[in-house]
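Engineer: sharing a model prediction with you, sequence too.
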Amino acid sequence: MSIQQNLNTMRHPVSNTPEKSPFNAQESMQEQTTRLRVLLLGSGGRECALAWKIAQSPRLDKLFIAPGNGGTGAYGENVAISPLDFESIENFAHENKIDMIVVGNEDPLVAGIFDYFNGREGAPIVVGPSKAGAALEGSKDFAKQFMVRHSIPTARYRSFTADNLEEGYAFLEELKAPYVLKADGLAAGKGVLILDSLDEAKASLKEMLGGMFGQSSATVVIEEFLSGIECSVFVLTDGNGGYRILPVAKDYKRIGEGDTGPNTGGMGAVSPVVFADKEFMKKVEERIILPTVNGLIAEDITYRGFIFLGLINVDGEPMVIEYNVRMGDPETEVVMLRIASDLLPLLEAAARGNLSTLPLAEDPRYATTVMVVSGGYPGSYEKGKKITGTEKVDTATLFHAGTKLADNGDLLTSGGRVIACSAYGDTLDSALANSYAAAENVEFEGKYMRRDIGRDLRRIEQGC
Ligand code: AMP
Ligand code: GLY
């Protein structure tokens, strides 16, 4: 590895283009002659955007998406296999000569899909972390301990189980409101509670440890509340010290305008992010990305995939809110638009452990996405509503999330988040205008969208 490689990358943070050695150039020329058969796992807007990007690659032979959705079939062939059914995936991969598996969602990674295939004779390569690496998302306690071991800036914390509830109460008393309580394990994005009063925080701690999120909240991380504006930084790493930083994005998590109401899977996203400028990103790279990439190597944790850093900007200082071990959704629906390079060779190189020769160029334009969602989401909502108007859209790319094609060819809603309307623009305003024009065209009963995506960043850009 390669402190040297990292230093090279650091000297070229803007172009993300490392120096080439003649040896690696030869190797990559050889790789460029083979065309790849790819299986992409997942069924959301993120996977639709990944499929859109992968399908543009001259290196692609054939793309399958398992299980995919009503939109992914435009970019490859949907196959009805669950991303968690490793045996069926293995059989399918064998029968269809799959070279590479790209994992969209975290569950298969946390369940160990990388280890399942790694080192098996004739098995496809997998883009993603090993099960040990996936614990960065699968266990918040593990992630916090990792950050402490590698001096990565994050909120002060302690972890508790039902055995030391009283100590948990005492720790809450040391902190100031609001109180942040996190279920240690995966909880479908619902495992974080932010509470205004000490009494509520204590009661919630007790409930969480008593099984509020099942086994996921058998351990609870309590941490200091950080105040600032968030952004999502994505890194593709090859496990050997090579990495590329993808375009930075910001998502909008709450259902209501002005960031009010309950959390959702994400109502929209914007890239680039005005405050993630060179100075901020230099801090992110030096204080967070390098110690993370090198920390994984130092701890012998195999990691050849995406690292998602959920960051918060606290008075110009980046701090880690969370790690995820996959791309973000809906951030991917803007990040894919902003990657000018062919993504497929980058994914292959990451999975093979040799990213060093490949550049990752950014499209200079803005990209925005506006999610149209089912009425009632993130609470209960009806499915099976007929979607119309998609053919009128000419200002954006529609990345389907919760859609399915009926046997008669109708496009129906099948989830809370229905379609991400993703568009380019030379300015943030023009990208947003294009996304919103598309979101107006798409029709179904009960449609809802947030009308203020990107408004906070526009205010920062305008200096008010
Ligand atoms: P997480 O699942 O860890 O990303 O948490 C979900 C959301 O809760 C984050 O995106 C933040 O908006 C918020 N959050 C989590 N931890 C903190 C913290 N320590 N301080 C402030 N907000 C937080
Ligand atoms: N947009 C946040 C996530 O994918 O977790």
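Structural biologist: Perfect, I can see it now. Ligands and ions are numbered 1, 2, ... in the order given.

Engineer: what does this structure put close to ligand 1?
Structural biologist: Ala155, Val180, Lys182, Val192, Glu223, Phe225, Leu226, Glu230, Lys253, Gly310, Ile321, Glu322 (CB under 6 Å from any ligand atom). To be clear about C-beta, it is placed using only N, CA and C from the backbone, and glycine gets the same treatment.

Engineer: the residue nearest to the fifth one when sequence neighbours are not counted: neighbour count?
Structural biologist: If you skip the residues right next to it in sequence, Glu223 has Tyr157 as its closest partner in space, 3.8 Å away by CB to CB, 6 or more residues apart in numbering. In terms of burial, Tyr157 registers 20 neighbours under the definition other CB atoms under 10 Å.

Engineer: kindly report the same for Pro378.
Structural biologist: 19.

Engineer: repeat for Met449
Structural biologist: Count around Met449 with other CB under 10 Å applied: 21.

Engineer: from memory it sits against Val370, does it?
Structural biologist: Yes - look at Met449 against Val370 with CB atoms under 8 Å: they come within range, at 5.6 Å.

Engineer: joint contacts of those two?
Structural biologist: Counting by CB atoms under 8 Å, 6 or more residues apart in numbering, the shared contacts of Met449 and Val370 are Met267, Gly268, Ala439.

Engineer: identify the residue spatially nearest to Tyr323, adjacent ones excluded.
Structural biologist: Nearest to Tyr323 is Leu136, by CB to CB, 6+ apart, at 4.1 Å.

Engineer: does ligand 2 sit close to the helix or strand encompassing the one you found?
Structural biologist: Here Leu136 sits within helix 131-138, counting by DSSP states H and E. No - Helix 131-138 lies apart from ligand 2 when judged by CB under 6 Å from any ligand atom; the minimum separation is 8.9 Å.

Engineer: hey, C-alpha coordinates of the helix or strand encompassing Tyr436 in CSV?
Structural biologist: Here Tyr436, judged by DSSP H and E, is contained in helix 428-441. This file holds the C-alpha atoms of helix 428-441, laid out as CSV (Å, rounded to 0.1, in the frame of the first residue of the first chain):
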residue,chain,number,x,y,z
LEU,A,428,-28.5,25.4,-9.1
ASP,A,429,-31.6,27.3,-10.1
SER,A,430,-31.8,26.0,-13.6
ALA,A,431,-31.2,22.4,-12.5
LEU,A,432,-33.9,22.7,-9.9
ALA,A,433,-36.3,24.3,-12.5
ASN,A,434,-35.7,21.2,-14.7
SER,A,435,-36.2,18.7,-11.9
TYR,A,436,-39.4,20.5,-10.8
ALA,A,437,-40.8,20.7,-14.4
ALA,A,438,-40.4,17.0,-14.6
ALA,A,439,-41.9,16.4,-11.2
GLU,A,440,-45.0,18.4,-12.3
ASN,A,441,-45.4,16.2,-15.4
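
Engineer: got any ranges where this protein has weak pLDDT?
Structural biologist: Low-confidence segments of the chain (pLDDT under 70): 1-33, 464.

Engineer: centroid-nearest residue for it?
Structural biologist: Gly328 (1.9 Å; CA atoms, centre = their mean).

Engineer: from ligand 1, how far off is it?
Structural biologist: Noted for Gly328: a distance of 10 Å to ligand 1, by CB to the nearest ligand atom, to the nearest Å.

Engineer: circling back: hmm, the residue nearest to Glu223 is touching Val220, no?
Structural biologist: No - counting by CB under 8 Å, Tyr157 stays clear of Val220, with 10.3 Å between them.

Engineer: residue of the stretch 301-450 of the chain closest to ligand 2, please.
Structural biologist: Going by CB to the nearest ligand atom, ligand 2 is nearest to Gly328 of the stretch 301-450 of the chain, at 3.5 Å.

Engineer: the closest residue to that residue other than its chain neighbours: what's it in contact with?
Structural biologist: Here the nearest residue to Gly328 in space, its sequence neighbours aside, is Ser232; by CB to CB, 6+ apart that works out to 5.0 Å. Counting by CB under 8 Å, 6+ apart, Ser232 makes contact with Val248, Ala249, Lys250, Asp251, Phe308, Leu309, Gly310, Leu311, Gly328, Glu331.

Engineer: Pro378: which of those residues is nearest?
Structural biologist: Asp251 (14.3 Å; CB to CB).

Engineer: count of neighbours near that closest one?
Structural biologist: Count around Asp251 with other CB under 10 Å applied: 25.

Engineer: ok, now Ser88?
Structural biologist: 14.

Engineer: my read: it touches Val79, true?
Structural biologist: No - applying CB under 8 Å as the test, Ser88 and Val79 come out as separate, 9.3 Å apart.

Engineer: assign the closest residue to ligand 2 within the stretch 51-200 of the chain to helix, strand or coil.
Structural biologist: Ligand 2 sits closest to Gly189 of the stretch 51-200 of the chain, with a gap of 6.3 Å, by CB to the nearest ligand atom. Following DSSP: H, G, I helix; E, B strand; the rest coil, we place Gly189 in the coil state.

Engineer: now do the contacts for it.
Structural biologist: Residues near Gly189 by CB under 8 Å, 6+ apart: Asn263, Gly265.

Engineer: from Met281, how far off is it?
Structural biologist: Applying CB to CB, to the nearest Å, the value for Gly189 to Met281 is 26 Å.

Engineer: just Leu411 next, same as before
Structural biologist: 39 Å.

Engineer: the two: who's more crowded?
Structural biologist: Neighbours were tallied for Leu411 and for Met281 using other CB under 10 Å; the higher tally belongs to Leu411 (21 against 18).

Engineer: contact partners for that one?
Structural biologist: Neighbouring residues of Leu411 by CB under 8 Å, 6+ apart: Gly70, Lys386, Ile387, Thr390, Thr403, Lys404, Leu405.

Engineer: return the distance of the residue in the chain sticking out farthest from the centre relative to Leu205.
Structural biologist: Most distant from the centre of the chain: Glu166, at 35.7 Å, with distances by CA atoms, centre = their mean. Going from Glu166 to Leu205 by CB to CB gives 11 Å.

Engineer: ditto for Asp196
Structural biologist: In terms of CB to CB, Asp196 sits 14 Å off from Leu205.

Engineer: the two: which is more packed in?
Structural biologist: Each of Asp196 and Leu205 has its neighbours counted (other CB under 10 Å); Leu205 has more, 25 against 10.

Engineer: what ranges does the stretch 251-400 of the chain have for its strands?
Structural biologist: 254-256, 260-263, 268-271, 303-304, 306-314, 317-324, 366-373, 397-400 (DSSP state E, counting those that start in this stretch).

Engineer: stretch 323-330 spans what distance, first to last residue?
Structural biologist: One end of stretch 323-330 sits 16 Å from the other (CA to CA, to the nearest Å).

Engineer: what comes up buried for it?
Structural biologist: Residues of stretch 323-330 classed as buried: Tyr323, Asn324, Val325, Arg326, Met327, Gly328, Asp329, Pro330 (neighbour count, 16 or more other CB atoms under 10 Å).
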